[in-house]
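Student: I would like to see how this sequence folds:
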Amino acid sequence: GGGTGRAIAWQCALENCQRLVLVNRTVEKAQMLAQELRLFCNGKARPGGATWLEVIEWEELAMEAQLGKIDLIVNATPLGMNPSDVLPVPAGLLASQHAVFDCIYQPRKTALLSAAEQAGARVANGLSMLLQQGALSFSIWFQREAPIDAMSKALPFRQ
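Tutor: I've put the predicted structure just below:
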C-alpha cells in the first residue's frame, strides 16, 4: 500500500498488536505488506497467535466479517478528500465499539468521520499526525525540541 498505511501497519506490528487486518484497494499490495510483516515477526511470540495478521478484499462482505472483531479502523487512503468520494468503510458497518482514525486532515471532518460519529464511534483526523511529523522533522533539522504549542497554533485548519 501507500507509505502512510505501511508505516501504521509496521507500527502496529512493532507494538505487538493483538490482531491486524490489512485492506487495500489492490489486494496484492496488502499481501506483499503482510508477507514483509510476517517475515519480520517470524518466531516472535504474538498476542494473537498465528492468526494475528490477515488480508481481506476491499469489499463490503469481507469488511463486515471482520469489523465486529476490530476496535480501531484507520483510513490511510485519500478517499474523503473530495466530497464526492465513496466511504472507504461502508457507514452501515461502523459501530460504537470502533475508534476511527482518518489520516486526512483537510477537510477536518471527512464523510467517514461523520458517519463514524453518527454510529457512536470515537473519531480523530490526521491533524495530530501532521503536527507530530512536523515536530519530528523540526527536531531532526534543528537538533532541538520542536515548539509544539507554537506549531499547533500556526496550523491554519487546527481543531
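
Student: Give me the nearest residue to Leu93, chain neighbours excluded.
Tutor: Closest residue to Leu93 in three dimensions, ignoring its sequence neighbours and counting by Cβ to Cβ, 6 or more residues apart in numbering: Leu67, at 4.9 Å. For the C-beta atoms, the positions are set from N, CA and C on the backbone; glycine is no exception.

Student: Likewise for Ala95?
Tutor: Computed as Cβ to Cβ, 6+ apart, the closest residue to Ala95 that is not its neighbour in sequence is Ala119, at 5.5 Å.

Student: for stretch 14-27, the distance to its chain's centre please.
Tutor: For stretch 14-27, the gap between its own C-alpha mean and the chain's C-alpha mean amounts to 9 Å (Cα atoms, centre = their mean, to the nearest Å).

Student: sorry, back to before: what's near enough to touch the residue nearest to Ala95?
Tutor: When contacts are counted by Cβ atoms under 8 Å, 6 or more residues apart in numbering, Ala119 is found next to Ala91, Leu94, Ala95, Ser96, His98.

Student: which two from the residues you listed end up farthest apart in space?
Tutor: The distance between the two most remote of the contacts of Ala119 (Cβ to Cβ) is 13.4 Å, for Ala91 and Ser96.

Student: Which of the two has more residues huddled nearby?
Tutor: Ala91 (13 against 9; other Cβ atoms under 10 Å).
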